[in-house]
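# sequence below, structure please.
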Amino acid sequence: MSREKIGYFGGTFDPPHIGHLALASEAAYQFGLSRLCWGLTPDPPHKQGQVITPLIHRLEMLKLMCAENPLFEISRLEIDRPGPHYTIETIQLLSQQEGDADIVLLIGDDSLLDLLSWRSYADLITAVSKIGVMRRFGSPSNYSALYEKIPGLEEKVDFIDALIQTISSREIRRRVKDGGVYRCYTLPSIASYIEEHNLYRGK
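Numbering: from 1, shown residues only. Next up is the predicted model:
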């Protein structure tokens, strides 16, 4: 009997957009995931000092995103415990919770390039079965220098093949604030939520 494969996709999701949806959906297909856990980070250590939308709004928008796929669910591993939250600790808790399941960590290529700055990155690589990486347009095609610095990383990394433009939550927030076009870059339900609650107008 094959082991269950569970994906973990962490982030602030401020707001969640179709780039996130594409990564999650493609990963679920490519890795044959039985479930994909979206891990909402209440107070990310690397964003100290930045203005982040209140958790209640980000959680409601993420619920709208998870309604798109029956494999999607929201993990409360970081929501329900005090911060700061580090990925290695969250993955260890998820592994304890899920027993013998293989854990696939989903990240963007910007996070991959920044992996040396992550807490206990070597332990994190050991703790996961695979690291699914979304490659953005203009990203480097050769990661050999990074692989040389982090033993065992190359064997764990699989790039996710998705047809997607470069979309970022930061750019969506800017467009909302400036009155620009943004609805086409997220789900209609999330765009409606942003407008209903007047989010990002002051950022």
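# can I get stretch 81-100 in CSV, CA atoms only?
Extracted in CSV, the C-alpha atoms of stretch 81-100 (Å, rounded to 0.1, in the frame of the first residue of the first chain):
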residue,chain,number,x,y,z
ARG,A,81,-0.2,28.3,18.4
PRO,A,82,1.8,31.4,19.5
GLY,A,83,4.4,32.8,17.2
PRO,A,84,6.9,33.3,15.8
HIS,A,85,6.2,30.5,13.4
TYR,A,86,9.0,28.7,11.5
THR,A,87,8.4,26.3,8.7
ILE,A,88,10.6,23.5,10.2
GLU,A,89,8.4,23.5,13.4
THR,A,90,5.2,23.5,11.5
ILE,A,91,6.3,20.6,9.2
GLN,A,92,7.4,18.6,12.3
LEU,A,93,4.0,19.1,13.9
LEU,A,94,2.3,18.1,10.6
SER,A,95,4.4,15.0,10.4
GLN,A,96,3.5,14.0,13.9
GLN,A,97,-0.2,14.7,13.2
GLU,A,98,-0.3,12.7,10.0
GLY,A,99,1.8,9.7,11.0
ASP,A,100,3.4,7.9,8.0
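# so which elements touch the lowest-mean-pLDDT helix or strand in the chain?
Of all helical and strand segments in the chain, the minimum by mean pLDDT, DSSP states H and E falls on helix 109-113, at a mean of 88. If you count contacts as 3 or more Cβ pairs under 8 Å, 6 or more residues apart in numbering; DSSP states H and E, helix 109-113 packs onto strand 130-134. Quick note: C-beta positions are derived from backbone N, CA and C, even for glycine.
# list the contacts of the strand it packs on.
Applying Cβ atoms under 8 Å, 6 or more residues apart in numbering, the contact partners of strand 130-134 are 7, 19, 22-23, 27, 30-31, 102, 104-109, 112, 125, 153, 156-160, 162, 164.
# so how far is A127 from the residue nearest to L116 when sequence neighbours are not counted?
Closest residue in space to L116, ignoring its immediate chain neighbours: K149 at 6.4 Å, by Cβ to Cβ, 6 or more residues apart in numbering. K149 is 19 Å from A127, where distance means Cβ to Cβ, to the nearest Å.
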